[in-house]
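Novice: this one's structure only:
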């Protein structure tokens, strides 16, 4: 099977929330604290980001038949320090996303945003997302230091996500390192911008992942699934080999009974978009853990030439490997119904 003929399901695409969504829908008591966004943003280039009917046409143009959906504007809200405000913001977003996906429930699959300050409330919101048809739940990638993923704070949520069969996503650019007022790329010189864009992002996700693994989360919750979103994948086998090396020495006091890479192989997933070196790894590593994405409609998206990019970067792989990366892994992870090709 040629890559161009394969069914495509994007494991990481985005909606574009209406800029005044929170001003219109927040509870009256919190409306004056609602985040304010400009009507035009760098992400609002395609009508389908906000309009699910238009999205079907844009997906067909790209040869994509289904998409797992993450936020755009709400990504910033993972950096809010007010628990009540964050919970209210995410409830508004989750309701809107559910409405959006309901227009094409066999092709649009939402990932709910969860505030983790008050973990009992996080469990309730995860349950609400499940009832609304969401396929996964999303936490911050960079938690506050006092709420490290290595702490037991999250255990009720991990247990609930496991029981609800909701994979938990850690998406790039979310959490305290990206809180309002924290300097991003703006105002930095070129070397510092590269450090921000590459080094810091890799540090954030690798730290979060090893905190989850080494603190025994995946040991205690063996059916929990963790998804690394938009952080690419070719760095993972090297970093995990280093973790394995140090853990194998037995010098760490840990509840792990397996090596970090073995936990990831059993319970970890990662999405890739622009990672040309990954094709050298697939087949030897990651075939059952990695998932293709188009990042539509963001600036990095491969739309409307996703199939051209796939043909260039993955066509040399065996047909079975292509199928796993392009649609089988995401289908199995989120227990999706059979997806039929979307006609252009």
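Specialist: Looks like it came in fine. As the structure is a computational prediction, the values presented were derived from the model and not from experiment.
Novice: okay, CA-based contacts and neighbour counts for the rest of this
Specialist: OK.
Novice: that's a helix at residue 212, yeah?
Specialist: Yes. Per DSSP: H, G, I helix; E, B strand; the rest coil, residue 212 lies within a helix segment.
Novice: low-confidence bits of the protein, can you list those?
Specialist: For the chain, applying pLDDT under 70 flags the ranges 1-5, 40-45, 183, 185, 251.
Novice: let's see that with 80 instead.
Specialist: The model of the chain has pLDDT under 80 over residues 1-5, 39-45, 180-188, 250-253, 344.
Novice: helix, strand, or coil at residue 173?
Specialist: Under three-state DSSP, residue 173 falls in the coil class.
Novice: was I right about it contacting residue 75?
Specialist: Yes. Residue 173 sits in contact with residue 75 when judged by CA atoms under 8 Å, with a separation of 7.0 Å.
Novice: those two: which is more packed in?
Specialist: More neighbours surround residue 173 than the other of residue 173 and residue 75, with 24 against 18 (other CA atoms under 10 Å).
Novice: ok, residue 321 touching residue 287?
Specialist: Yes. Counting by CA under 8 Å, residue 287 is a contact partner of residue 321 at 6.2 Å.
Novice: bridging residues for the spatially most central residue of the chain?
Specialist: Geometric centre of the chain, nearest residue: residue 229, 3.5 Å, by CA atoms, centre = their mean. Residue 229 forms beta bridges with residue 171, as assigned by DSSP bridges.
Novice: residue 225 and residue 209: what is the separation?
Specialist: When distance is defined by CA to CA, to the nearest Å, residue 225 is 12 Å away from residue 209.
Novice: all strands of the chain, in order?
Specialist: With DSSP state E applied, the chain shows strands at 9-14, 66-70, 108-113, 136-139, 168-171, 226-229, 268-272, 290-292, listed in chain order.
Novice: let me have those strands in JSON lines, extended by distance to residue 26.
Specialist: What follows is those, written out as JSON lines (distance: least, CA to CA, whole Å):
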{"stretch": "strand 9-14", "distance to residue 26": "22"}
{"stretch": "strand 66-70", "distance to residue 26": "20"}
{"stretch": "strand 108-113", "distance to residue 26": "15"}
{"stretch": "strand 136-139", "distance to residue 26": "20"}
{"stretch": "strand 168-171", "distance to residue 26": "24"}
{"stretch": "strand 226-229", "distance to residue 26": "28"}
{"stretch": "strand 268-272", "distance to residue 26": "32"}
{"stretch": "strand 290-292", "distance to residue 26": "35"}
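Novice: hang on, residue 231 packs against residue 172?
Specialist: Yes. Counting by CA under 8 Å, residue 231 does reach residue 172; the two are 6.4 Å apart.
Novice: give me the more crowded residue out of the two.
Specialist: Taking neighbours as other CA under 10 Å, residue 231 and residue 172 compare with residue 231 leading, 24 against 19.
Novice: list the contacts of that one.
Specialist: 171, 172, 201, 202, 205, 270, 271, 272 (CA atoms under 8 Å, 6 or more residues apart in numbering).
Novice: and the gap between it and residue 94?
Specialist: Distance of residue 231 to residue 94, computed by CA to CA: 23 Å.
Novice: swap in residue 222?
Specialist: Noted for residue 222: a distance of 27 Å to residue 94, by CA to CA.
Novice: and what of residue 148?
Specialist: Here the criterion is CA to CA. By it, residue 148 lies 24 Å from residue 94.
Novice: same deal with residue 197?
Specialist: Counting by CA to CA, the gap from residue 197 to residue 94 is 28 Å.
Novice: looking at these two, which has the bigger crowd around it?
Specialist: Neighbours per residue, other CA under 10 Å: of residue 197 and residue 94, the larger number sits with residue 94, 23 against 14.
Novice: from residue 163, how far out is that one?
Specialist: Computed as CA to CA, the residue 94 to residue 163 distance reads 20 Å.
Novice: what's the answer for residue 65, then?
Specialist: Taken as CA to CA, the span from residue 65 to residue 163 is 29 Å.
Novice: have a look at these two and say which one is more surrounded.
Specialist: Using other CA under 10 Å, the more surrounded residue of residue 65 and residue 163 is residue 65, with 22 against 12.
Novice: hey, where'd the helices end up in the stretch 201-344 of the chain?
Specialist: 201-214, 217-220, 236-248, 260-267, 306-314, 319-323, 329-333 (DSSP state H, counting those that start in this stretch).
Novice: how about these, which one is nearest residue 123?
Specialist: Of all the helices of the stretch 201-344 of the chain, helix 217-220 sits nearest to residue 123, with 16.4 Å by CA to CA.
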